[in-house]
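Engineer: Any chance you can model this:
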Amino acid sequence: MTYRPTVRGRRLARELRRLREEQGLTLQEVADRLDWSRATVSRLETGQTRPKPNDIADLLDLYGVPSPQRDALITLAR
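Structural biologist: You can find the predicted model right below:
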């Protein structure tokens, strides 16, 4: 069964990409820092995989996203 993101999931994916680009990081740099594969980061940013709240929290920590924006994005992942 293929995962199809909801509107909230697509919004989260767009926001993750925007945050990464604001930090000036490449997909590979994020993957290296989190010890993930580049494909994992890409799939989260394109909405091809169901996001896990803990993974989103790790990304937001890396990007330095403060609350309440952080809390709103983690809620989108649930």
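Engineer: which SSE is the residue most central in space within the chain in?
Structural biologist: Nearest to the geometric centre of the chain sits residue 16, at 4.3 Å (CA atoms, centre = their mean). Secondary structure from DSSP states H and E places residue 16 in helix 7-22.
Engineer: related to what we said a few turns ago, ok, the residue nearest to the centre of the chain - contacts?
Structural biologist: Neighbouring residues of residue 16 by CB atoms under 8 Å, 6 or more residues apart in numbering: 44, 45, 56, 59, 73. Just so you know, the C-beta spots here come from the backbone N, C-alpha and C atoms, and that holds for glycine as well.
Engineer: which of the residues you listed sit farthest apart?
Structural biologist: 45 and 73 (12.8 Å; CB to CB).
Engineer: and the gap between residue 67 and residue 61?
Structural biologist: Shown here: residue 67 relative to residue 61, a distance of 12 Å by CB to CB, to the nearest Å.
Engineer: An error on my part: the question was meant for residue 16.
Structural biologist: From residue 16 to residue 61 the distance is 13 Å (CB to CB).
Engineer: got it, and residue 8?
Structural biologist: The gap separating residue 8 from residue 61 is 21 Å, by CB to CB.
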